[in-house]
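Engineer: I need the structure of the sequence given here:
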Amino acid sequence: MTLILPKDYRPTLTVRDTEAAIVFIRETFQDKLASILGVQRMSAPMFVEQKTGLNDNLNGVERPVAFDMKAMPKDDTIEVVHSLAKWKRLALKKYGFGMHEGLYTNMNAIRRDEDLDNFHSIYVDQWDWEKVIRKEERNTDTLEITVNKIFRAIKETEKLVSARYPGSTYRLADHVSFITTQELEDRWPELSPDERENMIAKEEKAVFIMKIGDKLKRSGKPHDGRAPDYDDWQLNGDLIFWYEPLQSKIEISSMGIRVSEESLKEQLKKAHCEERAKLPFHQMLLQGTLPYSIGGGIGQSRLCMLLLGKAHIGEVQASIWPEDMVKKCEEDHIELL
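Structural biologist: Numbering: from 1, shown residues only. This next block holds a predicted model:
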């Protein structure tokens, strides 16, 4: 557990005013996202059957919350989702979305093995979105155009939030830069991936870090873990901002162009989990029955934290925190919900 306690922190909004601001940000941003990306809101599950292979394996070591159900066979395990990365692509086919059409959902997840800090909670809430693209559009240009659209939605939301809460809005950079994980390693080979992200975020203020999941040339290690069966590791990335109140980077979105039949095979092999190819979702992918797509997640509480200049994600979402963290936050005038 790493906790940053900013010096002389004083929240500028009461808890009730913060709650009103959260509602305003969420409603404003999802309207902007739907309009700019051209996506439709759809209902989404909070849990899936383990045997479908639809749950997100994240870095491959996190344990999902699992349970059985009275109306189902006892050996049919149900898992609370880590994310909807794979479910969304299946939903595009199931609900008949056409070329360049897409969906977004309000995704709620539990990540029981999350390392808690100012930005991370076991409760995850995000706008998960997915959009159909052509196979020939699976390239960096498509990725960067889409990142800029999401950045535009964030900036337009910031403008409206600052008009309503002028003394409580954190001001963001006016444009987003792009860099690859290999370029970061080449520039700062002596630093850890997390330290590199902090350096580039402080320098650029808003940056999209591309190509996450595959091994880097110098270290032979991935910049960060990514499940091998949704993002194409050559066509994905994280949108991060420099966050002055905590002197740290904050990740707002993880997204990417999804795997093709070819890249799925390659990445399953690299991740030493080729047995997943037998699962129903993966079979559909390998047989070419699912649409090519691009998608991602945008943190709801993190966006609220960012725009409202909060010191801890627990100020904008109700979760469970270790007693030691709660005590230290109280001493530093950080009021966790």
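Engineer: pLDDT wise, what is residue 49 at?
Structural biologist: Residue 49 carries a pLDDT score of 87 in this model.
Engineer: so it touches residue 80, yeah?
Structural biologist: No: the pair formed by residue 49 and residue 80 falls short of the contact definition of Cβ atoms under 8 Å, at 11.8 Å. Heads up, the C-betas are built off the backbone N, CA and C, glycines and all.
Engineer: Output whichever strand or helix holds residue 178 as CSV - backbone C-alpha positions only.
Structural biologist: Here residue 178 is covered by strand 177-180, with elements defined by DSSP states H and E. Below are the C-alpha coordinates for strand 177-180, written out as CSV (Å, rounded to 0.1, in the frame of the first residue of the first chain):
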residue,chain,number,x,y,z
SER,A,177,1.1,13.4,-27.2
PHE,A,178,1.9,9.9,-28.3
ILE,A,179,4.9,7.7,-27.5
THR,A,180,5.7,3.9,-27.5
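Engineer: In the protein, spot the helix with the most residues.
Structural biologist: helix 140-164 (DSSP state H).
Engineer: ok, and what's touching it?
Structural biologist: Contact with helix 140-164 is made by 21, 24-25, 28-29, 32-33, 36-37, 131, 133, 169, 171-172, 174-176, 178, 206, 208, 210, 235-237, 239, 252-253, 255-257, 294, 296, 298, 303, 307-308, as judged by Cβ atoms under 8 Å, 6 or more residues apart in numbering.
Engineer: Narrow those to those in strands?
Structural biologist: Using DSSP state E, the subset of the contacts of helix 140-164 located in strands is 131, 178, 206, 208, 210, 235-237, 239, 252-253, 255-257, 294, 296, 298.
Engineer: Of these, keep whichever come out buried.
Structural biologist: Neighbour counting over these (16 or more other Cβ atoms under 10 Å) leaves 131, 178, 206, 208, 210, 235-237, 239, 252-253, 255-257, 294, 296, 298 as the buried ones.
Engineer: So for the helix or strand where residue 182 lies, what gets flagged as buried?
Structural biologist: Of the helices and strands defined by DSSP H and E, residue 182 is found in helix 181-187. Judged by neighbour count (16+ other Cβ under 10 Å), helix 181-187 contains these buried residues: 181, 184, 185.
Engineer: now swap in stretch 270-290 and tell me
Structural biologist: Applying a neighbour-count criterion of 16+ other Cβ under 10 Å, one finds 271, 276, 277, 279, 281, 282, 285, 286, 290 buried in stretch 270-290.
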